[in-house]
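Visitor: Fold the following, please.
(2 chains)
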Amino acid sequence: DAGVIQSPRHEVTEMGQEVTLRCKPISGHNSLFWYRQTMMRGLELLIYFNNNVPIDDSGMPEDRFSAKMPNASFSTLKIQPSEPRDSAVYFCASRGRTSGGRSGANVLTFGAGSRLTVL
Amino acid sequence: AQSVTQLGSHVSVSEGALVLLRCNYSSSVPPYLFWYVQYPNQGLQLLLKYTSAATLVKGINGFEAEFKKSETSFHLTKPSAHMSDAAEYFCAVSLNQAGTALIFGKGTTLSVSS
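Guide: Take a look at the predicted model:
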């Protein structure tokens, strides 16, 4: 398996532009997570999906952020309009299911991240 | 809600010295605990995890961690540091239930000097 694939790896854009980050999880994994990493805040959970359904989006900073998972093999995180304070590395991670509802013990596999710079 | 606190944002050791990275957790139910490592410009990789079996957990690259319920701690150790251990280390917690997310601490940067 190629692992979790994120694109683009680097994005530089100007304030006010729309940004779309993409993620392809590991085949067969049923949970997908979006995290944001900054020096000030560390790793923050933005949103996660189970079986393509958003479970908790309380970490999404504001309405400018939206995430979708139209099918089991693809997810997007969109920022519109982007602002300089959105500059960060955005990570996608996926996790497989476990029988008996103990998926919390399963390991998250992370993508390499998308480094976003908003000028 | 669960959370983790990593004590010390930066730890410096000499090559060959003991590595000790501290993590304390907060959880209303028995948690699952993890340590991840991040090398520069890379994603996070799993070092080890605790899932309510043995309290002393051995991971990759000679690292181990001990779950201490009485102290709500899950500190990461390695007897002898190597230059290649220089990286950022994250402690994380999740719950023993379906569909739970992984919550990370703020990370500890480990520097190793020769």
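
Visitor: What parts of chain A come near chain B?
Guide: A:4, A:31, A:33, A:35, A:41-43, A:45, A:48, A:50, A:55-56, A:91, A:93, A:101-105, A:107-108, A:110-113 (CB under 8 Å from any CB of the partner chain). Every residue, glycine included, has its C-beta placed from N, CA and C.

Visitor: Please list the members of these that lie in helices.
Guide: Among those, no member falls in helices (DSSP state H).

Visitor: if you look at those residues, which of them are in strands?
Guide: If you go by DSSP state E, these have A:31, A:33, A:35, A:42-43, A:45, A:48, A:50, A:55-56, A:91, A:93, A:110 in strands.

Visitor: Which members of the residues you listed are the farthest-apart pair?
Guide: Largest separation among those by CB to CB: A:Gly42 and A:Asn50, giving 23.9 Å.

Visitor: Which pLDDT value does the model give A:Pro61?
Guide: pLDDT, A:Pro61: 87.

Visitor: gap between it and A:Val4?
Guide: 22 Å (CB to CB, to the nearest Å).

Visitor: So these two - more neighbours on which side?
Guide: Using other CB atoms under 10 Å in any protein chain shown as the criterion, A:Pro61 and A:Val4 rank with A:Val4 on top: 23 against 13.

Visitor: wait, doesn't that one sit right on A:Gly111?
Guide: Yes: the pair A:Val4 and A:Gly111 passes the contact test of CB atoms under 8 Å, sitting 3.8 Å apart.

Visitor: Now the common contact residues for these two.
Guide: Common neighbours of A:Val4 and A:Gly111, counting by CB atoms under 8 Å, 6 or more residues apart in numbering or on different chains, are A:23, A:92-93, B:43.

Visitor: can you pull the contacts of the residue nearest in space to the middle of chain A?
Guide: The centre of chain A sits closest to A:Trp34, judged by CA atoms, centre = their mean, with a distance of 2.5 Å. Contact analysis of A:Trp34 by CB under 8 Å, 6+ apart lists A:23, A:45-48, A:67, A:75, A:77, A:90-92.

Visitor: quick one: it and A:Asp57, what's the gap?
Guide: Distance, A:Trp34 to A:Asp57, using CB to CB: 9 Å.

Visitor: Find the residues that touch each one of these two.
Guide: Here A:Trp34 and A:Asp57 have A:46-47, A:67 as joint contacts, going by CB under 8 Å, 6+ apart.

Visitor: Let me see the ranges of the strands in chain B.
Guide: For chain B, strands defined by DSSP E occupy the ranges B:3-7, B:10-14, B:19-26, B:31-38, B:44-50, B:56-58, B:64-68, B:73-78, B:87-95, B:103-104, B:108-113.

Visitor: Columns mean pLDDT, mean neighbour count and distance to chain A on top of the ones you listed, output as CSV?
Guide: Below are the strands of chain B laid out as CSV (pLDDT from 0 to 100; neighbours: other CB atoms under 10 Å in any protein chain shown; distance: least, CB to the nearest CB, whole Å):
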stretch, mean pLDDT, mean neighbour count, distance to chain A
strand B:3-7, 92, 17, 9
strand B:10-14, 97, 14, 12
strand B:19-26, 96, 18, 13
strand B:31-38, 93, 24, 5
strand B:44-50, 93, 20, 5
strand B:56-58, 94, 14, 12
strand B:64-68, 95, 18, 13
strand B:73-78, 97, 21, 14
strand B:87-95, 92, 24, 4
strand B:103-104, 90, 22, 4
strand B:108-113, 96, 17, 10
